[in-house]
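S.K.: Let me see the structure of the following:
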Amino acid sequence: MNYKFFTQKKTATPQTQPIPGREAEMIQGRSGGFMFDAGLWKMLRRCLLVGTAKSTYYAGKHELTEDFVEVVRQASAENPGRVAEEILYASDGRAINNSAPILALVLLSMGEAPEAKTAFCEIFPEVVRTGSHFYEWLNYTKSMRGFGKVVREAGKNWFAKEDVKGLAYQLLKYQQRHGFSNRDALRLFHVKPMTEDHQRLFEWVVKGWEALPEEIPSAALAQIWWYEWLKRNPEKTNEAIIQGRLTHEMAAPVGKMDLSAWQLLFNEMPIGALLRNLGSLTEIGVLARNERANLKRVEAVLNNKEHLQKGRIHPIDVLKALKTYQSGGTLGRSKKTWNPVDEIVEILEKSLALSFDVVQPTGKVFMHAVDVSGSMGCPIVDMGLTCCEVAATMALVTAKAEKNYMIRGFATDFRDLGITANDSFRSAVRKASNQNFGGTDASVAYDWMIKNKFKADIVCFWTDSESWAGYKHPSQALAEYRQKVNPNTKAVYITLTPYRITLVDPKDPLSWDLGGFDPGIPRIIQMLAIGEL
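M.R.: Alright, predicted model coming up:
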C-alpha cells in the first residue's frame with residue numbers, strides 16, 4: 001500500500017466539478033455536470049433553430065422559453081442588427097418551423113433602442129411570409145406587447161402589398177388562425193386600400209359577397225370569385241378547382257370532395273402540402289401501387305433538391321412525414337388509416353437525404369458519436385420524434401457522403417449501434433432509438449478511441465451536451481487522445497437542445513460548437529474536415 005494515487009499530479013477532473021483554473025468559463029448544467037458557457041449568441045441560435053416550445057428531459061417548455069426570451073432581450077440590447085440576422089438565418093428554412101423566429105421578431109420589436117425597431121421593420125416581410133405566419137405574429141404581439149406604432153406600421157404594410165393576387169391567395173387560404181380572422185386584422189390596422197383591387201378584396205373580407213358578381217372582377221380576385229361560386233355550386237367542385245386553381249384548404253370546406261376532386265388537387269399540390277397529405281391521399285386512393293402516374297409525380301416533386309429548397313422543406317419535416325407515413329396512421333394527428341405504399345417510403349428516404357446539404361467524399365476519417373443516454377429519448381417535435389432519432393439521422397447523412405467513418409453510441413459506455421451507410425434512415429432510427437440507456441459521459445468516446453488506436457481526422461458528437469457522469473471532462477479526454485493517437489484531430493459538437501452549455505473548450509482552436517437541426521450542418525462538418533472553414 002502506498003500514496004502514489006494522492007501525490008501524483010491530477011490531470012483529470014470529475015464532470016460534476018469545474019476544471020480548476022477554468023471556473024469562470026464554466027456553468028453547471030441542469031444535469032449537475034459542469035460544462036463551458038456557450039455564450040449569448042450561440043444560445044440565441046440554438047433557440048431559434050431548435051425552438052423551446054417542447055419540453056426536454058431536463059427542463060420544461062416554460063423554463064426553456066423564459067430563457068429564450070431573456071436571451072433575445074439581452075442580445076437585442078447589445079446588437080439588434082445581429083439579432084435580426086440570426087432571425088433571418090433561422091427563418092430561411094433552417095429552423096424546425098417558423099415559430100421561434102416569429103417569437104424572436106416580436107421580442108426584437110420590443111427593444112428599447114431605435115435600432116431594434118428599425119431592424120424589426122426591415123426583416124418583417126422576410127420572416128412573416130404567409131397568412132399563417134401573420135396571425136401567429138399577431139397572437140404573440142397581442143399577448144406580449146400590444147399594438148403600438150411600429151406594430152401598426154408593419155401590419156398596414158403587410159396588407160398593402162402591391163401583389164394583390166398574392167395577398168388574395170393568402171387571405172383566402174388562411175381566413176382565420178390563432179384567434180384572429182382577416183376581418184379582425186383589417187379593422188385592427190385601419191388599412192386603407194391602395195388600389196381598386198385592394199378595395200374589392202377588403203370589402204370581401206369584411207362583408208363577404210351577398211350576391212356573386214356576374215363576372216370575375218379582375219385577375220387578382222379570380223380565386224375568390226371561384227371560391228364564392230363553389231359555395232353556391234358545391235356539386236361542381238371539379239370545375240371550380242380547375243378554373244379557379246383552388247387549393248385543398250379553399251375547396252374542401254365548401255365543395256363536394258370525391259376521388260376525382262382530390263385527384264385534381266393532387267395534380268397542383270405544392271410540395272409542403274403534398275408532404276403533409278401523403279397519408280390522406282393514400283387512404284382516399286389517389287396514391288396506390290397501381291397509380292403509376294401519381295407515384296411518378298410524388299417522386300418528381302419530393303426527389304428534387306431545388307423544389308425542397310424553394311419550399312423551405314426542413315429535413316425534420318421529411319423525417320416526420322417518413323415516420324408518420326410508414327406508421328399507416330398510428331402516429332400523428334390524423335384519424336385516418338392507410339396501407340403505406342413501399343415506393344412512397346423509398347421516395348421519402350431519398351428526399352430526406354436530399355434535404356441536407358452534402359458534397360462529394362472528403363477522404364477524411366470520421367467518428368460519429370451519437371448520444372444515446374436516457375435524456376436523448378425525450379421527444380423534440382410532434383409525432384414522436386426523439387432527439388436521439390434526429391441525431392442518428394443527421395449522423396447517417398454525413399456517413400453516407402463519406403467512405404471512412406464509424407457510428408457509435410455513447411452514454412456511460414461507448415457501444416456499436418450497428419449503423420452503417422447501407423442502413424436506411426428507418427433502420428438507423430430504429431437501431432438508435434432502441435439503445436437509450438443510462439447517464440451521459442462524452443469522454444468515453446475518446447477513451448475507446450485511445451484503447452483501440454482509432455485515428456480519426458474529425459470526431460462528431462451529436463448530443464444535448466449534458467455530460468455529467470464521467471471522471472474527467474470531454475475536453476481533457478480529447479487532449480489525452482491528441483497526445484496519444486492523433487495530435488491534429490478536430491472535434492465538432494452538435495448540440496440538439498436549446499441549452500447554454502457546450503462541451504467545447506473555448507481555448508481549443510480545433511473544436512467547434514454547432515447548433516442542431518440546421519440542414520447545412522453535414523456540409524459544414526465536411527468543410528471543417530478539409531480545412532475550408
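
S.K.: show me the residues around the most centrally placed residue in the chain that make contact.
M.R.: With distances taken as C-alpha atoms, centre = their mean, the chain has residue 96 as the residue nearest its mean C-alpha position (1.4 Å). Contacts of residue 96 were listed using C-beta atoms under 8 Å, 6 or more residues apart in numbering, and they are 49, 50, 51, 314, 316, 380, 381, 517. C-beta coordinates here come from the backbone N, C-alpha and C atoms, glycine included.

S.K.: pretty sure the second one contacts residue 515?
M.R.: Pointing back at residue 50 there. Yes: using C-beta atoms under 8 Å, residue 50 and residue 515 qualify as a contacting pair, with a distance of 7.1 Å.

S.K.: Please say which of those two ends up with more neighbours.
M.R.: Residue environment comparison for residue 50 versus residue 515 gives the larger neighbour count to residue 50, 29 against 25, counting by other C-beta atoms under 10 Å.

S.K.: neighbours of the nearest residue to the more buried one once chain neighbours are set aside, just the number please.
M.R.: What sits nearest to residue 50 in space, not counting adjacent residues and going by C-beta to C-beta, 6 or more residues apart in numbering, is residue 498, at 4.9 Å. Neighbourhood size, residue 498 [other C-beta under 10 Å]: 27.

S.K.: Show the backbone phi and psi for residue 498.
M.R.: phi -90, psi 60 (degrees, to the nearest 10).

S.K.: Check residue 336 too.
M.R.: Residue 336 adopts backbone torsions of phi -90, psi 160, taken as degrees, to the nearest 10.

S.K.: Mind telling me what element the residue nearest to it when sequence neighbours are not counted is part of?
M.R.: Once flanking residues are discounted, residue 336 sits nearest to residue 283: 4.5 Å by C-beta to C-beta, 6+ apart. Secondary-structure element containing residue 283, defined by DSSP states H and E: helix 278-284.

S.K.: Same question for residue 146.
M.R.: Under the criterion DSSP H and E, no helix or strand holds residue 146.

S.K.: Could you measure from it over to residue 188?
M.R.: In this structure, residue 146 and residue 188 are separated by 11 Å, where distance is defined by C-beta to C-beta, to the nearest Å.

S.K.: Same question for residue 20.
M.R.: Residue 20 sits 58 Å away from residue 188, going by C-beta to C-beta.

S.K.: and those two? which has more neighbours close in?
M.R.: Neighbour comparison, residue 20 and residue 188: the larger count goes to residue 188, with 15 against 8 (by other C-beta under 10 Å).

S.K.: Now do the helices in the stretch 401-533 of the chain.
M.R.: Taking DSSP state H, counting those that start in this stretch, the helices of the stretch 401-533 of the chain run over residues 425-433, 443-451, 474-484, 521-529.

S.K.: Check which helices and strands the longest one sits against.
M.R.: Contacting helix 474-484 under the criterion 3 or more C-beta pairs under 8 Å, 6 or more residues apart in numbering; DSSP states H and E are the following elements: helix 443-451.

S.K.: Just give me how far the helix it packs on sits from the chain centre.
M.R.: For helix 443-451, the distance from its own C-alpha centre to the chain's C-alpha centre is 32 Å (C-alpha atoms, centre = their mean, to the nearest Å).

S.K.: could you give the angle of it to helix 474-484?
M.R.: Counting by axes from the mean of the first three to the mean of the last three C-alpha atoms, to 10 degrees, helix 443-451 points 10 degrees away from the direction of helix 474-484.

S.K.: buried sites along helix 443-451?
M.R.: 443, 444, 445, 446, 447, 448, 449 (16 or more other C-beta atoms under 10 Å).

S.K.: Dump those residues into CSV; add pLDDT and distance to residue 484 as well.
M.R.: Rendered in CSV, the data for the buried residues of helix 443-451 read as follows (pLDDT from 0 to 100; distance: C-beta to C-beta, whole Å):
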residue, pLDDT, distance to residue 484
443, 97, 14
444, 96, 15
445, 97, 14
446, 98, 10
447, 97, 11
448, 98, 13
449, 98, 9
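
S.K.: Which two of those residues have the greatest separation?
M.R.: Comparing all pairs in those by C-beta to C-beta, the longest separation belongs to 443 and 449, at 10.7 Å.

S.K.: May I have stretch 154-163 as CSV, with CA atoms only?
M.R.: Output in CSV follows, covering the C-alpha atoms of stretch 154-163 (Å, rounded to 0.1, in the frame of the first residue of the first chain):
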residue,chain,number,x,y,z
ALA,A,154,-45.9,46.5,-40.0
GLY,A,155,-49.5,45.3,-40.1
LYS,A,156,-50.5,48.0,-42.6
ASN,A,157,-47.6,47.3,-44.9
TRP,A,158,-48.4,43.6,-44.9
PHE,A,159,-51.9,44.3,-46.2
ALA,A,160,-50.7,47.0,-48.6
LYS,A,161,-48.7,44.6,-50.8
GLU,A,162,-48.5,45.5,-54.4
ASP,A,163,-49.2,41.9,-55.4
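
S.K.: which residues touch the closest residue to residue 196 other than its chain neighbours?
M.R.: Closest residue to residue 196 in three dimensions, ignoring its sequence neighbours and counting by C-beta to C-beta, 6+ apart: residue 218, at 8.0 Å. Residues near residue 218 by C-beta under 8 Å, 6+ apart: 196, 197, 200.

S.K.: Noted, bye for now.
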